[in-house]
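Undergrad: pasted the sequence and its predicted model underneath.
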Amino acid sequence: MEVVLYSIDGCPFCEKARAFLASKDIAFQEISAPQGSQAWEEMKNLTGSGTVPQVLIGGHAIGGYADLVDLELTGKLQEALGLKQAQPAPQLYDVIILGAGPAGLSAAIYTIRKLLKTLIISADVGGQIAWTSDVENYLGFSQVNAAELVSKFESHVKRFDVEKIIGSEVSAVDLIGRSKRVTTSDGKTYWGKTLIIATGGRHRPLNIPGEKELLAKGLTYCSTCDAPLFAGAEVAVVGGGNSALGAVVDLINIATRITLISLTPLTGDPIYREKVVKSEKVEIFTGYQPTRVLGETMVEGLEFKSLATGEIKTVAVEGVFVEIGIQPNTSLFLDILTTNDKGEILVDTQCRTGVAGVFACGDVTNVPFKQVVVAVGEGAKAALSAYNYLMSQK
Amino acid sequence: MAKKVKIFTAPTCGYCAQAKAYFTEKGIAFEAFDVTSDAEAMQEMRKISGGARSVPVIAVGEEVIVGFDRSAVEKALEGA
């Protein structure tokens, strides 16, 4: 199929169209069409448009660069070229987004609408919202089930035919070169001109004996998921913030007795604190630190220690709910990117990390207030910054 | 013959919803059990998983996966 590109010198989108065709190994004839020239008249006749670039495939007017990329995005380019759907060769993405929580998915919407070739790599979809039951503070949704919100985010992104690799862990990144390399744990390698880190956070562990061994055997980091499995049981909750108090509030209606253990005085919202303190089912130990999860094949109890006196107590429980906050997923980037004392990646107001072409957004960054709406906004910013960066590189 | 898929879930669990959506999207038939309202299912889940008290638990044939670990699920489905 014959491909013709009408262009002029010094037109950035002509340059992009040329590079795009070359990157796909598509042979094309380029015709210079300065305004008023004979070629320009010819182009106008064939395409109905007087602006460059104009692309014709097999005599059919495709449009400009954006239309060309659109064809590619919708998977119709191969068809237009009269080729069978071939296995795509390893290619350089404009943007690789690590993470598919609110920040990563929002970034993807913006990069794809900027016609950037985008790849998302993530172990899961939704990030921390998947641990929540209802979201009540996301604009436009007075109350929405968290799983439903995630699936709305996901289907919004799906409309654009973004490439996604879900279920893969990233094992290494190389951020220093002009192209950024991402390696997944199955040994595959992906290249991006830019990288957006939206890897979010995960539950902070207690790091005490018995914790790993008894994970999912009574010990859980997702009280929203697992609280209903402890009907009629005695349980312990560790933590003093909103997540911990929220877990206690959920458990008041489910468990028979709840031991709440916190290093610090309770800090959660007053509405939660009041419910927790008032409940006869809840016994509160502040100024205590868990030291060991007890049990062989399942959780049988929790040992904890007074910070003031060193006195050790134990409580017999079937469940331990650990809700002591979030730690950022930054282990892959620590040697290259600057982080704060919480391990969060430092970014400027445009989500730049200090390494050219590498951006970060959402809960993995030092931007305060870990909220869905904040992550979504930051994702958009990171995407637009990546776009500006790519434009400045031309 | 396709391996039998069972998903043990709780109503508030986002990962359970994602796991169900995953199998639905792949066109793989599965049976879902709400262990918070089905004591028998709870017993079965704990028995096959070596005592898990956390959802989702996903059984693909003889393979039992605690949590929605996509790559583990995909591995279990291979050769199904």
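TA: Nice, thanks for sending it over.
Undergrad: next up, phi/psi of whatever residue of chain A ends up closest to chain B, please.
TA: Residue nearest to chain B within chain A (CB to the nearest CB): residue A:167, separated by 3.1 Å. Quick note: C-beta positions are derived from backbone N, CA and C, even for glycine. Main-chain dihedrals, residue A:167, degrees, to the nearest 10: phi 100, psi 0.
Undergrad: give me the distance between it and residue B:68.
TA: To residue B:68, residue A:167 is 10 Å away according to CB to CB, to the nearest Å.
Undergrad: just want to know which of these two has more residues nearby.
TA: residue B:68 (25 against 20; other CB atoms under 10 Å in any protein chain shown).
Undergrad: need the contact list for the more buried one.
TA: Neighbouring residues of residue B:68 by CB atoms under 8 Å, 6 or more residues apart in numbering or on different chains: A:124, B:15-16, B:18-19, B:22, B:56, B:58.
Undergrad: quickly find the element holding it.
TA: Per DSSP states H and E: residue B:68 is located in neither a helix nor a strand.
Undergrad: mind pulling up the pLDDT for residue B:19?
TA: Looking at residue B:19, its pLDDT reads 92.
Undergrad: which other helices and strands contact the strand or helix carrying residue A:111?
TA: Using DSSP H and E, residue A:111 sits in helix A:102-113. Helix A:102-113 sits against strand A:92-98, strand A:118-122, helix A:146-158, strand A:189-197, helix A:372-393, with contacts defined as 3 or more CB pairs under 8 Å, 6 or more residues apart in numbering or on different chains; DSSP states H and E.
Undergrad: apart from its chain neighbours, what residue comes closest to the residue of chain A closest to chain B?
TA: residue B:70 (3.1 Å; CB to CB, 6 or more residues apart in numbering or on different chains).
Undergrad: quick one, what contacts residue B:33?
TA: If you count contacts by CB under 8 Å, 6+ apart, then residue B:33 has B:6-9, B:41, B:44-45 around it.
Undergrad: TSV for those residues, including pLDDT?
TA: What follows is the contacts of residue B:33, written out as TSV (pLDDT from 0 to 100):
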residue	pLDDT
B:6	96
B:7	97
B:8	97
B:9	95
B:41	95
B:44	95
B:45	96
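Undergrad: highest neighbour count among these?
TA: Of all the contacts of residue B:33, the highest neighbour tally under other CB under 10 Å goes to residue B:8, namely 30 neighbours.
Undergrad: got TSV for the helices and strands packed on helix A:102-113, with distance to chain B, mean pLDDT and mean neighbour count too?
TA: Formatted as TSV, the helices and strands packed on helix A:102-113 follow (distance: least, CB to the nearest CB, whole Å; pLDDT from 0 to 100; neighbours: other CB atoms under 10 Å in any protein chain shown):
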stretch	distance to chain B	mean pLDDT	mean neighbour count
strand A:92-98	16	96	25
strand A:118-122	10	97	25
helix A:146-158	4	90	18
strand A:189-197	17	95	24
helix A:372-393	13	96	20
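Undergrad: so for residue A:292, which of these sits nearest?
TA: helix A:146-158 (32.6 Å; CB to CB).
Undergrad: from the contact counts, what lies against the closest one?
TA: Using 3+ CB pairs under 8 Å, 6+ apart, helix A:146-158 is in contact with helix A:102-113, strand A:134-135, helix B:14-26.
Undergrad: give me the contact list for that helix.
TA: Helix A:146-158 is contacted by residues A:100, A:102, A:105-106, A:108-109, A:112, A:120, A:125-126, A:129-135, A:138, A:141, A:164, A:372, B:14, B:17-18, B:21 when judged by CB under 8 Å, 6+ apart.
Undergrad: note down every partner strand of the next helix or strand after that helix and its orientation.
TA: Next in sequence after helix A:146-158, counting helices and strands by DSSP H and E, comes strand A:163-166. Using DSSP bridges, the neighbouring strands of strand A:163-166 in the sheet come out as strand A:118-122 (parallel).
Undergrad: the residue nearest to residue A:117 when sequence neighbours are not counted: what's it in contact with?
TA: Leaving aside its chain neighbours, residue A:117 sits nearest to residue A:94 (4.5 Å; criterion: CB to CB, 6+ apart). By CB under 8 Å, 6+ apart, the contact set of residue A:94 is A:111, A:116-118, A:192-194, A:386, A:390.
Undergrad: equivalent analysis for residue A:179, please.
TA: By CB under 8 Å, 6+ apart, the neighbours of residue A:179 are A:92, A:191-193.
Undergrad: may I ask which two of the residues you listed are separated the most?
TA: Largest pairwise distance in those, by CB to CB, is 8.1 Å, between A:191 and A:193.
Undergrad: show me whatever sits in contact with both of these two.
TA: Residues touching both residue A:191 and residue A:193 (CB under 8 Å, 6+ apart) are A:92-93, A:179-180.
Undergrad: which of those residues lies closest to residue A:280?
TA: Among the shared contacts of residue A:191 and residue A:193, and counting by CB to CB, the member closest to residue A:280 is residue A:180, at 56.1 Å.
Undergrad: beta-bridge partners for the closest residue to that closest one other than its chain neighbours, please?
TA: Take residue A:180 and drop its neighbours on the chain: the residue closest to it by CB to CB, 6+ apart is residue A:195, 4.2 Å away. Beta bridges link residue A:195 to residue A:96, residue A:358 when assigned by DSSP bridges.
Undergrad: from residue A:347, how far out is residue A:195?
TA: Relative to residue A:347, and taking CB to CB, residue A:195 is found at 13 Å.
Undergrad: could you pull out the helices for the chain?
TA: No chain in the question, so chain A it is. Taking DSSP state H as the criterion, chain A carries its helices at A:12-23, A:38-47, A:65-73, A:77-80, A:102-113, A:146-158, A:223-226, A:242-252, A:270-278, A:372-393.
Undergrad: if you could check chain B rather than the one you did, that'd help
TA: Per DSSP H, chain B carries helices over the ranges B:14-26, B:39-48, B:70-77.
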